[in-house]
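Asks: Model the following, please.
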Amino acid sequence: METRWESYILNKKSEKTIDFWNKYLKTNKDLLYILGLGFDPRTLSGIKTIYDIDGTGKRDVISVRYFQSQEEKDKNITSETVSNHQNELIDFMEKIENSEHKIIPIITRSEQKSIASITAYDIIDSIDQIRDYSDIIVDISAMPRGIFIPLLHKILKIIDNNPNCNVNLHVIVTENYLLDAQIEDEGVEQSAEFIHGLSIPELTLNQKFKEVWIAILGEKQLEQYEKIRSSVNPVSTCAILPFPSKDLRRGDDLINHYQDKLLNDKDFDVKNIIYADEQNPFQVYRLIRNTIERHSLSLNIFGGTKVIVSALSSKLLTVGAFLAVYETKSFEHERKNLRIGIKHVDSISHKFVDENDKVEILKNNELFHMWIAGEPYI
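Replies: Numbering: from 1, shown residues only. The predicted structure is shown next:
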């Protein structure tokens, strides 16, 4: 299969990202910036950085507000932190010339079940919403995986299905592993589900595909890991660990964290551990692509392969996993013996473990930029 992102544009550090946008916005650019309005203190870091850069053209914004139920949405029930972020964004956008700001509320749960990926898929519903822009910037800093994966999927599909659509797609994320370590899930969904649009259809009774599970491991995700593992029946489990990483012991610590589940799993072999740079989603993309190809070839004799990918780590690495799945799915019609999807367990809510050091920790923010589609790939 072709490798769409073999060559890529990635700016890893804040200074490189800022330098890129300073140069890029010297010519007229019509921008649409999409971000999530969450509790995370990194919510507005990206947009304030990029929209403070001088340039000409539109500077529009779609901000996504999350509500757990229709009742919450109707009554506008939300946390004080989210309300403050919304008001801060409104004040900021009032100072930006040639701009429009649209708030899109979405409901993430219905009948005690997550519908986040379904509602997120409709945030952008057609090419008409994006055709007038030169660039779409999706800031995933305050977006859960169940939101930004289907959103990116939808935008990429629209761009790919409309050859005359000359829109550039960028992904922005403010990474801070110290801050991530202070965030915990407050409850998770009861079961693992495929991300909307990236599922594996039910196979007919005469199709006996062998399953392969590729899991990117991260901290504090053991419950999610167990729920996904109980929903799959793999003949091979592959674990992706971060290396190199800022914390050189991070990979070892993750193995210790998951060792009871991994080492007691008959379908896991230590030879199936894959190491990936924690700051390079495109390397993760290539490694997952290679893993898919290797298992597809070896299992084809048994009738076919089902590959389930799960991202339990950082948003950067999750983007890499998404790109690998998106590209592979685009060839499913040609490769009848290969099926692939992303399985995920949504969190119900989140909390900070300790907010005392938050101001100091925020000094470690790093703004990353990935150019996903558009001019470099034509």
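Asks: And the pLDDT at F20?
Replies: Per-residue confidence for F20 comes out at a pLDDT of 98.
Asks: hang on, it packs against K12?
Replies: No: in this structure F20 lies outside contact range of K12 using C-beta atoms under 8 Å: 10.9 Å. The way it works is simple: take the backbone N, C-alpha and C, and place the C-beta from them, glycine included.
Asks: shared neighbours of those two, which are they?
Replies: Both F20 and K12 lack any common contacting residue under the criterion C-beta atoms under 8 Å, 6 or more residues apart in numbering.
Asks: and the helix or strand hosting L241, which strands flank it?
Replies: With the criterion set as DSSP states H and E, the secondary-structure element containing L241 is strand 234-242. Partners of strand 234-242 in the sheet, by DSSP bridges, are strand 210-216 (parallel), strand 268-276 (parallel).
Asks: Of these, flag the one that's most buried.
Replies: Ranked by average neighbour count under the criterion mean count of other C-beta atoms under 10 Å, these are headed by strand 210-216 at a mean of 24.
Asks: mind exporting that one as CSV, just the C-alpha atoms?
Replies: What follows is strand 210-216 as a C-alpha-only set of coordinates in CSV (Å, rounded to 0.1, in the frame of the first residue of the first chain):
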residue,chain,number,x,y,z
LYS,A,210,-7.9,-13.6,12.8
GLU,A,211,-7.7,-10.6,15.2
VAL,A,212,-4.7,-8.5,16.0
TRP,A,213,-4.8,-5.9,18.7
ILE,A,214,-2.4,-3.0,18.7
ALA,A,215,-2.4,-1.0,21.9
ILE,A,216,-0.5,2.3,22.6
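Asks: List of residues touching it?
Replies: Taking contacts as C-beta under 8 Å, 6+ apart, the residues outside strand 210-216 that touch it are 225, 228-229, 232-240, 267, 276, 284, 288, 291-292, 295, 299, 302-313, 317-318, 321.
Asks: thinking again about what came up before, to K75, which of the strands paired with strand 234-242 lies closest?
Replies: strand 210-216 (37.3 Å; C-beta to C-beta).
Asks: Name the next helix or strand following the closest one along the chain.
Replies: Following the chain from strand 210-216 toward its C-terminal end, the next helix or strand by DSSP H and E is helix 222-231.
Asks: Now do that following helix: which elements does it pack against?
Replies: When contacts are defined as 3 or more C-beta pairs under 8 Å, 6 or more residues apart in numbering; DSSP states H and E, helix 222-231 sits against strand 210-216, helix 250-263, strand 305-311, strand 338-344.
Asks: Any idea which of these gets closest to R65?
Replies: Distances from R65 to each of the helices and strands packed on helix 222-231 were compared by C-beta to C-beta, and the smallest falls on strand 338-344, at 21.2 Å.
Asks: can you pull the contacts of V64?
Replies: V64 makes contact with 34-37, 103-106, 120, 123, 143, 147 under the criterion C-beta under 8 Å, 6+ apart.
Asks: Return the members of the contacts of strand 210-216 classed as buried.
Replies: Buried members of the contacts of strand 210-216, counted by 16 or more other C-beta atoms under 10 Å: 225, 228-229, 232, 234-240, 267, 276, 284, 288, 291-292, 295, 299, 304-313, 317-318, 321.
Asks: Let me see the mean pLDDT of the strand holding L241.
Replies: Mean per-residue pLDDT for strand 234-242: 97.
Asks: got a list of contacts for it?
Replies: Residues contacting strand 234-242 (C-beta under 8 Å, 6+ apart): 210-217, 250-251, 254-255, 258, 262, 265, 267-269, 272-278, 284, 287-288, 291, 295, 299, 308, 313-314, 317.
Asks: what angle sits between that strand and helix 222-231?
Replies: Between the direction of strand 234-242 and that of helix 222-231, the angle (axes from the mean of the first three to the mean of the last three C-alpha atoms, to 10 degrees) works out to 160 degrees.
Asks: For the chain, which residues score under the pLDDT cut-off?
Replies: For the chain, the stretches with pLDDT under 70 are 1, 204-206, 355-356.
Asks: And it, what are its domain boundaries?
Replies: 9-181+356-377, 193-345 (automatic domain parsing).
Asks: OK, contacts around the residue lying closest to F194 once chain neighbours are set aside?
Replies: For F194, the nearest residue in space outside its immediate sequence neighbours is G341; the separation is 4.9 Å by C-beta to C-beta, 6 or more residues apart in numbering. Taking C-beta under 8 Å, 6+ apart as the contact definition, G341 lies against 194-195, 198-200, 307-309, 325, 329.
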